[in-house]
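S.K.: turn this into a model:
(chains A and B)
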Amino acid sequence: MEVDFFSPSNLRQLSLMKLRAQRQFLGNRQGLHRSLKRGHGIEFYDYRQYELGDNPRQIDWGLYGRSDKLYIKRFQEERDISLLIILDASSSMFTPAESGKWDFASRLALSLAYIGLYQQDKVAICIPGVKSTPLMSGPSSIHRIAKIINEVKESNPKNWEYDLNRALATLKTPGLGIVISDCLMELPSIDSLAMKLLKKNLEASFIQILSNEDQNPLKDYTDVLAIDSENNSSINLHINDDLREKYSELFQEHQSYLRKILNKCRFNLVVANSEDNLNNFIANDLAKIGITQ
Amino acid sequence: MIPGLLGSITFSAPYFLFGIPLIAGGLFWIYKKQREGVKIIVPSTIIWRNLASEFQAPRKQKLPWRYLLDLLICTIILLALSNPQIIGKSEKYSILIDNSFSTFALDANSGFSRMTLTSLIEKAQDEIERFSNSTFKIYLSSPKLTALTSSFVPEAEAQQLLAKIKSSYSQDQLENRIKTIRAYEKDIPLLIFTDRSHPVISSKTDSIKVHRLGSETGKLNNITISGASFDFSSGKEPTLLVTINSFSHNFSVVNLQIESSDWPVSLSSSRRIALKLEPFEEKEVKVTLKNLAKIYRLSLDLEPKERLANNLIKEDDVHWIISARPTTSFGLVSTKSIEEIGLNQVPGYRFVKTTLNSPELKNFSNLIVHREFLKNLPVQNTLVIAPRSKKQDNYFQFNRVGEETSATSWSQNDRLLRYVQFNNFKFPALNMLVPPDWSQSLVSNTHGSLLAKGTLGKSRYVFSSFELLPFEGKHAAELSILMLNILQWLSENSAERSSAATYERVYNPESQQSIQSYPEHIDLITNGSYFAASEPAILKYESTDPKFIAINYFNRSESNIADDNPLSISPEDLKTSLETNSLSIKNYLVWSLVALFLLEAIFLTLKTLLARKTTLKAG
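M.R.: Residues are numbered from 1 along each chain as shown, chains lettered A, B, ... in the order given. So this is what the prediction gives:
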């Protein structure tokens, strides 16, 4: 993965993409995002009457000629933003191994991190139960992030909250939050996560990575003892068409509740299939909802 | 026998039944595994759990039809292999009571307080109480197989009939009785109550069940008078020969009591002889009689303790004997006189010369046709001695064989040849015998039969191709013994032939029961009538020539209760009914299996069809 990811063509392709925030944030440093700060910038924002102390260079002399009043031009400053990527490394992301959910998710996280770093944003990655990093900047930080991701096996559910809180604490200013997960967990815990992100005033997006197996499970089996990959609880299942149909209904219901929770917080939800083409997904699907451009 | 209600089920090969729990367990494990299914680790079971709450609850109540069906099939296969027999609650039972002479013996198990028969009957009564809703037919083994009722009767009546049964003075012949009953009532369970042991005490699977009353407390012993006779040969004082048999494991001391009487009977004790008997000894006692009385009663007298120890049957301790010389008469058809052929020397028989055409011939019960041409057999018991040379009739043909010849084979066990050895005996010139189909050849040589005997109708016949006369007594011992055997065999049939005649009971000191009240039994096999005495006694036979008959009973196998006389039931008698049972049950099982297999096939086909239909719909 690393070789593919760091191939020049891939990096070039990623470098052409940009992360986009719907909201404007203050930012700390010069960056590429329009910020709430007014001052120097490229994009004109509005006029304001000249006051003592303002830089005379900002006076719009043309307007003075027309209105006989001194106005200064104000511009939106382009600042960086903080990007927190929360990558779910729970067992469900690794199950079944051939589903490629983790590969897709980890590469997506890496890609988004690279895009962020490349556009001079500060990026922190949190893999709850594994590790959370401080905010990093500069494209070279991608190697560090890649190393962390590559070392991930499975998360320890005990440390989930700790890592998450620690990661959120590193964010001094609001910014972007991207949660990459299969969201196959109890809805209250998703709600809890969403609320935490909301409290931190993050503009969050949830990217739900699902495999075909998640949507149409156990299609080759009749009688199955299904063991939960996360808590080892088991359940006897006699799979028939009725059951499949019912599963499908309940899955849609789960998705619907998930959307409701996220909508409540005005968070986006994008569903990805682990078998999709990643770059297309970033370029098209994420662009559609305005995460990238 | 397929009873309406299931009684107890027994199995010929019960070890197969152990397989049922194993198979049940195994199948359960397999189905559980199947139901559990393959262990699959899924990302999350959140949605499944929601599903399960809806889908699993009704499934728990669902009967595992396939499991039950397979379990049923396996169980039936194992049941069939274990060869089940349903016995017990049959609606009908035949009960055979062994009331033979040996059942007079005091029952050791009851502390010698009652007769074996009483204990047997009590056991039978207890047994039929268990089948109170059934009906019973009670058979007595002795003196002849007798059904006490013509049909099956309810328990209460059967109990009453059982209570009336008495021991008889005859042999049990249980093997024959069982065969006869089985021939008549093949599918009805037979319960046998006997004092004889059974090598394989019947299992529950047998349609014949033997309830044995054995001696659990110790050995059974008995002492008996096995026979008595007079010896008039000395010409002076007659001698009374008494044979006493000990069937006891112990040394014993008995007193032989000899009582005598003339007519009318008034017994007076004349002698008392003390005897010491070794275990299983047969002792002959010779008593010289100075004054010969008409009737003698011989009895064994034992001390009470001695009796309980060594003599459990007192009924065979009495023997009656008439001192009068026998008066059995034979008609002689011969060209020679009685003296010429020495018949006047034959002890115990009276011979009267006659001819085949004589009107007096019908007065004789027994006949000797000596070297006369015989066209038709007479109706009497007859000894036919080959006609003279060159004469030929239906029974002998002229085929003179040498001057002397030896026998090549003879039936040693036959009664006529008892004590007769033909090893070195040379038969004189003779004509060959052409024995009738109904006769049995007893002695033969390489040319054919020499001596044959047979019974036609109610008469007995003996054919001899060689000369038996003149009777020379001890000078020609072999032929004399053979002649006496023949005369005895022929003449003993005369009393039996006269069974329809009236017997007047002359003397019976212990009972007032009359012989006439004893029911005449019909033999199930031969359908012939016979005479049976109720107990040893002297009977007066009223006929043209009134005579006295001493009725005694002795049978070695019945009196010898010391030795085990195991009952052997032929496997056919057991097998017939057994196979009938098992076959029918197996048939049911096989049909059930076929039905279950069909059901399972239908079940699977329907399941497959439904599954395909659903798939098509989904498609």
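S.K.: dihedrals phi and psi, the residue nearest the centre of chain A?
M.R.: By C-alpha atoms, centre = their mean, chain A has its centre lying nearest to residue A:178, at 1.6 Å. Recorded main-chain torsions at residue A:178 are phi -120, psi 120, according to degrees, to the nearest 10.
S.K.: next up, the contacts around it.
M.R.: For residue A:178, the contact set (C-beta atoms under 8 Å, 6 or more residues apart in numbering or on different chains) comprises A:83-86, A:109, A:112, A:204-205, A:207, A:291. From N, CA and C alone the C-beta is placed, and that goes for glycine too.
S.K.: from those residues, pick the one nearest chain B.
M.R.: Proximity to chain B was ranked across the contacts of residue A:178 by C-beta to the nearest C-beta; first place goes to residue A:207, at 16.3 Å.
S.K.: on the three-state scheme, that closest one is what?
M.R.: Assigned state for residue A:207: strand (three-state reduction, DSSP: H, G, I helix; E, B strand; the rest coil).
S.K.: give me the number of residues near it?
M.R.: The tally of other residues near residue A:207 (other C-beta atoms under 10 Å in any protein chain shown) stands at 29.
S.K.: quick one on the thing from earlier: near chain B too, which of the contacts of residue A:178?
M.R.: Cross-checking the contacts of residue A:178 against chain B (C-beta under 8 Å from any C-beta of the partner chain) gives no overlapping residues.
S.K.: okay, and which of those map to helices?
M.R.: For the contacts of residue A:178, membership in helices holds for A:109, A:112, with DSSP state H as the criterion.
S.K.: Serialize the contacts of residue A:178 to CSV and add fields for pLDDT.
M.R.: CSV is the format used below for the contacts of residue A:178 (pLDDT from 0 to 100):
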residue, pLDDT
A:83, 89
A:84, 91
A:85, 92
A:86, 92
A:109, 92
A:112, 91
A:204, 89
A:205, 91
A:207, 92
A:291, 80
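S.K.: top of the contacts of residue A:178 by neighbour count?
M.R.: residue A:207 (29 neighbours).
S.K.: re earlier: what's across from the residue nearest to the centre of chain A in the sheet?
M.R.: With DSSP bridges applied, the residues forming beta bridges to residue A:178 are residue A:85, residue A:205.
S.K.: ok, the closest residue in space to residue B:560 that isn't next to it in sequence - contacts?
M.R.: Of all residues not flanking residue B:560 in the chain, residue B:247 sits nearest, at 4.3 Å (C-beta to C-beta, 6 or more residues apart in numbering or on different chains). With contacts defined as C-beta under 8 Å, 6+ apart, the neighbours of residue B:247 are B:221-224, B:280, B:559-563.
S.K.: pick the one among the residues you listed closest to chain A.
M.R.: Distances from chain A to those, taken as C-beta to the nearest C-beta, are shortest for residue B:563 (71.2 Å).
S.K.: where does the closest one sit: helix, strand or coil?
M.R.: Classification of residue B:563 using three-state DSSP returns coil.
S.K.: rewinding a little: now the buried members of the contacts of residue B:247.
M.R.: Among those, those classed as buried by neighbour count (16 or more other C-beta atoms under 10 Å in any protein chain shown) are B:221-224, B:559-562.
S.K.: which stretches of the stretch 1-150 of chain A have low pLDDT?
M.R.: Across the stretch 1-150 of chain A, the stretches falling below the confidence threshold (pLDDT under 70) are A:1-3, A:36-39.
S.K.: element containing residue A:236?
M.R.: For residue A:236, the enclosing helix or strand under DSSP states H and E is strand A:234-238.
S.K.: same thing with residue A:243?
M.R.: Using DSSP H and E, residue A:243 sits within helix A:241-264.
S.K.: just residue A:126 next, same as before
M.R.: Under DSSP H and E, the secondary-structure element containing residue A:126 is strand A:122-127.
S.K.: run through who's touching the next helix or strand after that strand.
M.R.: Scanning forward in sequence from strand A:122-127 by DSSP H and E, the next helix or strand is strand A:131-132. Strand A:131-132 is contacted from outside by A:124-126, A:148, A:152, A:163-164, A:166-167, A:170, using C-beta under 8 Å, 6+ apart.
S.K.: 7 Å - rerun?
M.R.: Under the contact criterion C-beta atoms under 7 Å, 6 or more residues apart in numbering or on different chains, strand A:131-132 has outside partners A:126, A:148, A:163, A:166-167.
S.K.: and the two most separated of these?
M.R.: Distance extremes for the contacts of strand A:131-132: the farthest pair is A:148 and A:166 at 14.1 Å, using C-beta to C-beta.
S.K.: hmm, back to that, who does the strand holding residue A:126 touch, helix- and strand-wise?
M.R.: Helices and strands touching strand A:122-127, as assessed by 3 or more C-beta pairs under 7 Å, 6 or more residues apart in numbering or on different chains; DSSP states H and E, comprise strand A:82-87, helix A:101-118, helix A:141-150, helix A:160-170.
S.K.: do you know which of these lies nearest residue A:27?
M.R.: Among the helices and strands packed on strand A:122-127, strand A:82-87 comes nearest to residue A:27, with 8.2 Å by C-beta to C-beta.
S.K.: returning to what we had before: next SSE downstream of the helix holding residue A:243?
M.R.: The first helix or strand that comes after helix A:241-264 along the chain, using DSSP H and E, is strand A:268-273.
S.K.: now do that next one: everything it contacts.
M.R.: A:104, A:205-210, A:258-259, A:262, A:281, A:285-286, A:289, A:291.
S.K.: and which of these is nearest chain B?
M.R.: Nearest to chain B, judged by C-beta to the nearest C-beta, of the contacts of strand A:268-273 is residue A:210 at 9.2 Å.
S.K.: so in terms of bridging, what pairs with the closest one?
M.R.: Each beta-bridge partner of residue A:210 is listed here: residue A:273, as defined by DSSP bridges.
S.K.: that one - how many residues pack around it?
M.R.: 21.
S.K.: same check on residue A:78?
M.R.: Here the neighbour count serves as a burial measure; for residue A:78 (other C-beta under 10 Å) it reads 18.
S.K.: tell me which other helices or strands the helix or strand where it lies touches.
M.R.: Element membership of residue A:78, judged by DSSP H and E, is strand A:71-79. On a contact count with 3+ C-beta pairs under 7 Å, 6+ apart, strand A:71-79 meets strand A:30-39, strand A:43-49.
S.K.: if residue B:453 is in a bridge, with which residues?
M.R.: With DSSP bridges as the criterion, residue B:453 is bridged to residue B:440, residue B:462.
S.K.: and the residue of the stretch 451-600 of chain B nearest chain A?
M.R.: residue B:600 (18.2 Å).
S.K.: how about that residue: what's its closest non-neighbour residue?
M.R.: For residue B:600, the nearest residue in space outside its immediate sequence neighbours is residue B:69; the separation is 5.3 Å by C-beta to C-beta, 6+ apart.
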